[in-house]
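Student: Got a predicted structure here, sequence first:
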Amino acid sequence: MIGSKASIINAIPDTWKYLKNVIIVKVKHSGDKTTVYARPLARLIEQLQRLPGVGPKSAQRLALHILKRPEAEVEALAQALIEAKKQIGLCSVCFHLSAEPVCEICRNANRDNNTICVVADPRDVIALEKTREYKGKYHVLGGVISPIDGIGPEQLNILALQRRVNQQKPQEVILAISPSIEGETTTLYIGQLLKPFTKVTRIAFGLPVGGDLEYADEVTLARALEGRRELD
Ligand SMILES: [Zn+2]
C-alpha cells in the first residue's frame with residue numbers, strides 16, 4: 001500500500017502500528033499509555049502475552065527481566081522450551097505427558113494395576129500425585145464432553161479407556177473429573193459405559209463446584225479421593 005504516512009497508519013489496525021524498526025503497542029493500563037518498544041522486544045512481549053494468565057503488564061515485566069539476564073541463561077531457557085516441546089509426548093497407555101512411549105507411572109510395578117483413576121487433563125494427574133494418597137494408575141481423557149465446543153466422546157480418549165478396562169480388568173475405575181456441567185456429563189457418560197464391566201466410583205465433592213481440580217489444595221483433594229463413592 002502506497003500513500004502518505006498518515007494514510008498508511010490509518011490503514012493498519014489500531015493496536016499494531018509498524019513503523020520501520022519500531023512498533024508502537026498500546027498497553028492497556030491506567031491512562032491507556034502508548035509505549036514504544038524496539039521491534040525484537042515487542043515481538044518477545046507479544047509471544048509472552050500468549051501464555052495463559054500473562055497480561056500486557058506481566059509480559060513486559062518478564063521480557064525486561066529476560067533482557068537483564070546473562071545470555072547463557074536466556075539460551076538455556078530457550079533450549080528448555082524447545083526440548084520440552086520436542087521430547088514430551090503422550091503415554092500410549094494412559095495419555096499422561098511422557099518423554100518415553102510409556103510413562104513412569106504406567107511402568108512403575110509398585111503401583112496398583114487394579115485401580116484406574118480417570119481425569120480430564122495431565123494437570124489433574126500432577127495435582128493428584130502431589131497428594132501422595134493414590135497408588136493406582138491413571139487414564140487422561142484429554143478434555144471433557146462439551147457439545148457446544150464440538151467435543152464428543154470420540155474426540156476424547158474414551159474408546160482407549162474402554163479397551164483398557166476390557167483388557168486390564170481393573171477392580172475399580174475412579175472418576176476424578178471437575179464437577180462442572182461438562183465434567184458431570186462426562187462422569188455420567190463414562191459411568192454408564194463402564195458399569196457393566198467394573199466397579200465405578202467418583203471422588204467426593206470436597207472440591208469447589210465449578211472449580212478446577214488442579215487449583216484444589218492437597219488436603220481437599222486427598223479428602224475428596226478418600227470420600228469417593230460408587231456411581232449410582
Ligand atoms: Zn502412562
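Tutor: Noted; the coordinates are in hand.
Student: For the top strand by length along the chain, enumerate the helices and strands it packs against.
Tutor: Ordering each strand of the chain by length in residues (DSSP state E) puts strand 112-119 first. Strand 112-119 is packed against helix 122-131, strand 136-140, helix 158-168, strand 172-175, with contacts defined by 3 or more Cβ pairs under 8 Å, 6 or more residues apart in numbering; DSSP states H and E. Just so you know, the C-beta spots here come from the backbone N, C-alpha and C atoms, and that holds for glycine as well.
Student: in which helix or strand would I find the residue nearest to Glu226 when sequence neighbours are not counted?
Tutor: Take Glu226 and drop its neighbours on the chain: the residue closest to it by Cβ to Cβ, 6 or more residues apart in numbering is Glu133, 7.2 Å away. Assessed by DSSP states H and E, Glu133 sits outside every helix and strand.
Student: how about the residues of this protein near the ion?
Tutor: Cys91, Val93, Cys94, His96, Cys103, Cys106 (Cβ under 5 Å from the ion).
Student: Which segments of the protein make up each domain?
Tutor: Residue ranges for the domains of the chain, per automatic domain parsing: 5-85, 90-230.
Student: Now tell me which of those the model trusts least on average.
Tutor: Lowest mean pLDDT of the domains of the chain: domain 5-85, a mean of 77.
Student: hang on, the earlier thing: put together CSV for the domains of the chain, with mean neighbour count on each row.
Tutor: Putting the domains of the chain into CSV (neighbours: other Cβ atoms under 10 Å) gives the following:
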stretch, mean neighbour count
domain 5-85, 12
domain 90-230, 17
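Student: Of all the helices and strands packed on strand 112-119, which one comes closest to Leu64?
Tutor: Ranking the helices and strands packed on strand 112-119 by their distance to Leu64 (criterion: Cβ to Cβ) puts helix 122-131 first, at 28.9 Å.
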